[in-house]
Every structure is written in structure tokens, then in C-alpha cells.
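Student: the following block contains a protein sequence and its predicted model.
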Amino acid sequence: MAKNYYSFDKRQKELAKKKKKEEKRLRKLERKKGQLEEPADEKHEEEDLPTGE
């Protein structure tokens, strides 16, 4: 009968959690960068629009 390797399974689970957490952190960072860049782009677009004379 084969033995269960609980420590191996536990380690694999921990690595998966760590990887998922890191990916989530990177997604949040990208989203934050996108939000910081958007207001600057909107200002430039507003300046380029002709005013109603």
C-alpha cells in the first residue's frame, strides 16, 4: 500500500497560495497604475477640444 505524503501535499498547497497571492498583487498594481495614468490623459484630451466661440 502506498504512503500519503502529507508534507509534500501541504507544501504544494502553500506554493499555490503564494503564487495566487503574488498574481493578485501584480493585478492590483497594474490596475493602480492604470488609474493613475487615466486622469492625466483626460486633461490632455480636454485641452485639445476646441472651445465654443
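Tutor: That came in fine, so what should we check first?
Student: drop to CA atoms for contacts and neighbour counts, all remaining ones
Tutor: Will do.
Student: what bits of this protein have low per-residue confidence?
Tutor: Applying pLDDT under 70 to the chain picks out residues 1, 38-53.
Student: where does residue 31 land in three-state SS?
Tutor: helix (DSSP: H, G, I helix; E, B strand; the rest coil).
Student: what's the answer for residue 3, then?
Tutor: coil.
Student: give me phi/psi at it?
Tutor: Dihedral pair for residue 3: phi -90, psi 150, per degrees, to the nearest 10.
Student: burial of it, as a residue count?
Tutor: Other residues within reach of residue 3, judged by other C-alpha atoms under 10 Å, total 5.
Student: residues in contact with it?
Tutor: By C-alpha atoms under 8 Å, 6 or more residues apart in numbering, no residues touch residue 3.
Student: with residue 26 instead?
Tutor: Under the criterion of C-alpha under 8 Å, 6+ apart, residue 26 has no contact partners.
Student: so how far is residue 15 from it?
Tutor: Going from residue 26 to residue 15 by C-alpha to C-alpha, to the nearest Å gives 17 Å.
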